[in-house]
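Trainee: model this:
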Amino acid sequence: MRRNRFPLRPAFALLAACAMLVAGCSGGPQNERGPGQANSGGGIVVASTAEAVSFHPYKTSDTASGSYQGLVYAGSLLERDPENIEQFKPSMAQSWTVSDDKMTYTFKLRPDLVWSDGQPLTADDFKWTFDQASKPENGWPYITNLEEIDSYEALDPQTIQVRLKEPLAVGLEMADGITPLPRHIWESLDWNNPDQNPQIMKPTVGSGPFLLQEWVKDDHATFVPNEHYYKGKPKLSSYTVRIAGDPRIAFQWLRTGEVDESGFSPDDYADAKRLDNVTVYEWWPATGNWSYVGFNLRQPILQDKQVRQALAYAIDRKTIIDRVMYGLAQPTYSAYGPNCWCYNPDVPHRDYDPEKAKQMLDQAGWLPGADGVRVKDGQRMHLRLLYGPQSSKVRTALASIVQDSFKQIGVEVEITGLEWVAYLSALKTPPYNNWDMNVGGWQATIDPHWMYQIWSEENIPDLNAGAYRNPEIEKLFQEGAREFDQAKRKQTYDQIQQILTDDQPYIYLYVDKSFEGVNNRIGGIKPSPLGLEWNIEEWYTR
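Mentor: Residues are numbered from 1 along each chain as shown. Here you go, the predicted structure:
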């Protein structure tokens, strides 16, 4: 349910954000159903392969947590128009104005905003939440998004005024950066410690379309409609996320009618299309969900750019797209997908060329040893590759292809698959020396500026796990945010992509097509480039 504004979410390969968002159930996960049987209670169930960490919007950066949070907490003063994603329309704010100098944004809240307990939701909740989120000691992973805000004030209960330090092309999105928390509930509680703040793991008061009824970790989370939701009480009687862990189990549940909605692996796509009880919805997301192999640039072997470029030549994207993604993806060579207006098709592609890879490793001083594994100064080229979740067939296949491809050029790869939370922890936990590469993905942002977060030195290790540092990149991102002419902005992002391709902190692999299966008894679905879940309050059971 969380709308994509500028926070980034790591994305599962084809099991990403939307798989968590579009269903629930009346009877709970214990409600068994036979093949094709409808759930008569008026709710729906969604299968998910990943579990959330917490309901704290300012402590997490993973997709699963963001999905749970987006059900309980409304977070957009404005939202993108699903029919024209370049335009914004009112959401929690009924109107807004921008000063002539493009530095002051004033939002008028809807007069009917209330928390689920009936207390008014006011500008004071936004202001109080901003004050907490902006404290460095509170550790919001996206705190850098607030750096350009000079002041954030509640002028009266219905009016928020945000003043920027200077005019920015992304100023409107920057001003709309706070998901309010209920001050009257949270103010007396510890912001950081779930042992002293039960709202972090079990929120009782929210503003989103649903409220948490029950959360049994690693099994299910059940939500019920919020009667005070400002867009109207959802038509679904309940919404349950059921944790499958394995996409094969999730797809089996979808096939038999045990769940109403599920993502699935590309190799199940053809079977899903043939199901009589399921409609497969497909779209190319506006965000551009892309996958990569990332390098841990703290490791001496990988600090040589020539080595990283050589490894990029060893990966056959066509094989990955054909054999792993079953054609449901397109190759990408930089940090933006073809759907972005900023996309630069002219960056170096480094398409599959194992002989070129060998030649470059030779030039870098890594020569084949007696057993074929390359050696330099007595050190073997042995790289450790992490991926997660280990239940993902796509991620598992990608790791295997990387291992086999690198073996062909004399590079030894050791693979470790972890469950999702452990995988994220391994990437972000000091001393960061137990991995060399990772298979990952990003659900990108619609405006290209916000992608600076994954390259920013300030965001090491939370979003910039590989510890990439390049002051020129950070300077260009700042320039792009300050240019209002889109054609000129594109020139800046063209430069950014050229540098990121040359530096090769990632091996950019592909942008995937989004698809999900939903039981035919569910109505009200209107796919758009924003996904399926943007109008979840309008979904109903037939």
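
Trainee: is it fair to say residue 47 lies in a strand?
Mentor: Yes. Assessed by DSSP: H, G, I helix; E, B strand; the rest coil, residue 47 belongs to a strand.

Trainee: next, give phi and psi for the nearest residue to residue 278 once chain neighbours are set aside.
Mentor: Closest residue to residue 278 apart from its sequence neighbours, by CB to CB, 6 or more residues apart in numbering: residue 517 at 4.5 Å. Quick note: C-beta positions are derived from backbone N, CA and C, even for glycine. Main-chain torsions, residue 517, degrees, to the nearest 10: phi -100, psi 130.

Trainee: report the contact partners of residue 517.
Mentor: Neighbour list for residue 517: 251, 254, 261-264, 272, 275, 278-281 [criterion: CB atoms under 8 Å, 6 or more residues apart in numbering].

Trainee: turn the residues you listed into a markdown table, columns for distance to residue 417 and pLDDT.
Mentor: Formatted as a markdown table, those follow (distance: CB to CB, whole Å; pLDDT from 0 to 100):
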| residue | distance to residue 417 | pLDDT |
| --- | --- | --- |
| 251 | 19 | 96 |
| 254 | 24 | 98 |
| 261 | 26 | 97 |
| 262 | 21 | 96 |
| 263 | 19 | 92 |
| 264 | 19 | 92 |
| 272 | 24 | 97 |
| 275 | 29 | 97 |
| 278 | 29 | 98 |
| 279 | 32 | 97 |
| 280 | 27 | 97 |
| 281 | 29 | 96 |
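
Trainee: now list the buried members of the residues you listed.
Mentor: When these are checked for burial by 16 or more other CB atoms under 10 Å, the buried set is 251, 254, 261-264, 272, 275, 278, 281.

Trainee: taking those one by one, which sit in strands?
Mentor: Members of these lying in strands (criterion: DSSP state E): 261-262, 278, 281.

Trainee: now for the residues you listed: which two are most distant?
Mentor: Using CB to CB, the pair of those lying farthest apart is 262 and 281, separated by 11.8 Å.

Trainee: which neighbours do these two have in common?
Mentor: 516-517.

Trainee: hang on, residue 120 packs against residue 157?
Mentor: Yes. Look at residue 120 against residue 157 with CB atoms under 8 Å: they come within range, at 6.9 Å.

Trainee: where does residue 249 land in three-state SS?
Mentor: Going by three-state DSSP: residue 249 is helix.

Trainee: ok, now which ones touch residue 396?
Mentor: With CB under 8 Å, 6+ apart, residue 396 has these contacts: 387, 390, 417.

Trainee: tell me what the last one is bridged to.
Mentor: Counting by DSSP bridges, residue 417 forms beta bridges with residue 387.

Trainee: my guess is it contacts residue 385, does it?
Mentor: No. Under the criterion of CB under 8 Å, residue 417 makes no contact with residue 385, lying 9.3 Å away.

Trainee: between these two, which contacts overlap?
Mentor: In contact with both residue 417 and residue 385: residue 399, using CB under 8 Å, 6+ apart.

Trainee: more neighbours: which of the two?
Mentor: Counted by other CB atoms under 10 Å, residue 417 and residue 385 do not tie: residue 385 has more neighbours, with 22 against 18.

Trainee: that one - that's part of a helix, no?
Mentor: No. Using three-state DSSP, the secondary structure at residue 385 is strand, not a helix.

Trainee: ramachandran angles for the nearest residue to it once chain neighbours are set aside?
Mentor: Nearest residue to residue 385 in three dimensions, chain neighbours excluded: residue 437, at 4.6 Å (CB to CB, 6+ apart). Backbone geometry at residue 437, expressed as degrees, to the nearest 10, gives phi -140, psi 160.

Trainee: the longest helix seen in the chain - contacts with which helices or strands?
Mentor: Looking across the chain with DSSP state H, the single longest helix is helix 486-503. The contact analysis (3 or more CB pairs under 8 Å, 6 or more residues apart in numbering; DSSP states H and E) places helix 486-503 against helix 305-313, helix 471-481.

Trainee: now the strands for the stretch 101-250 of the chain?
Mentor: 104-109, 149-156, 159-164, 210-216, 220-225, 239-243 (DSSP state E, counting those that start in this stretch).

Trainee: most packed of the ones you listed?
Mentor: Most buried of these by mean neighbour count (mean count of other CB atoms under 10 Å) is strand 239-243; its value is a mean of 26.

Trainee: tell me the mean pLDDT over that one?
Mentor: Average pLDDT, strand 239-243: 97.

Trainee: which helices and strands sit right next to it?
Mentor: Where contact means 3+ CB pairs under 8 Å, 6+ apart, strand 239-243 is packed against strand 44-48, helix 63-72, strand 220-225.

Trainee: mind putting the strands of the stretch 101-250 of the chain into CSV with distance to residue 126?
Mentor: Supplementary listing: the strands of the stretch 101-250 of the chain in CSV, determined by distance: least, CB to CB, whole Å:
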stretch, distance to residue 126
strand 104-109, 8
strand 149-156, 7
strand 159-164, 5
strand 210-216, 20
strand 220-225, 24
strand 239-243, 26
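
Trainee: dig out what the residue nearest to residue 278 forms beta bridges with.
Mentor: On the basis of DSSP bridges, residue 517 takes part in beta bridges with residue 262, residue 280.

Trainee: distance to residue 328 and mean pLDDT added to the helices and strands packed on strand 239-243, as TSV?
Mentor: Converted to TSV, those look like this (distance: least, CB to CB, whole Å; pLDDT from 0 to 100):
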stretch	distance to residue 328	mean pLDDT
strand 44-48	19	96
helix 63-72	19	94
strand 220-225	29	98
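
Trainee: and those as JSON lines, adding distance to residue 500?
Mentor: Shown next, in JSON lines, are those (distance: least, CB to CB, whole Å):
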{"stretch": "strand 44-48", "distance to residue 500": "31"}
{"stretch": "helix 63-72", "distance to residue 500": "23"}
{"stretch": "strand 220-225", "distance to residue 500": "37"}
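
Trainee: just name the shakiest helix or strand of this structure by mean pLDDT.
Mentor: In the chain, no helix or strand scores lower on mean pLDDT, DSSP states H and E than strand 9-10, which sits at a mean of 42.

Trainee: could you check how far the residue nearest to residue 278 is from residue 380?
Mentor: Distance, residue 517 to residue 380, by CB to CB, to the nearest Å: 45 Å.

Trainee: could you find the closest non-adjacent residue to residue 352?
Mentor: residue 316 is the one closest to residue 352 (CB to CB, 6+ apart), at 4.0 Å.

Trainee: contacting residues for residue 88?
Mentor: Shown in contact with residue 88 (CB under 8 Å, 6+ apart): 78-81, 172.

Trainee: neighbours of residue 452, how many?
Mentor: Per other CB under 10 Å, the neighbour tally for residue 452 reads 26.

Trainee: circling back to that earlier point, touching, the residue nearest to residue 385 and residue 292? I think so.
Mentor: No. Residue 437 is beyond contact range of residue 292, at 10.0 Å (criterion: CB under 8 Å).

Trainee: quick one: low-confidence parts of the chain?
Mentor: Scanning the chain for pLDDT under 70 picks out 1-41.

Trainee: domain assignment for it?
Mentor: According to automatic domain parsing, the chain comprises the domains 9-73+208-284+515-541, 78-186, 289-512.
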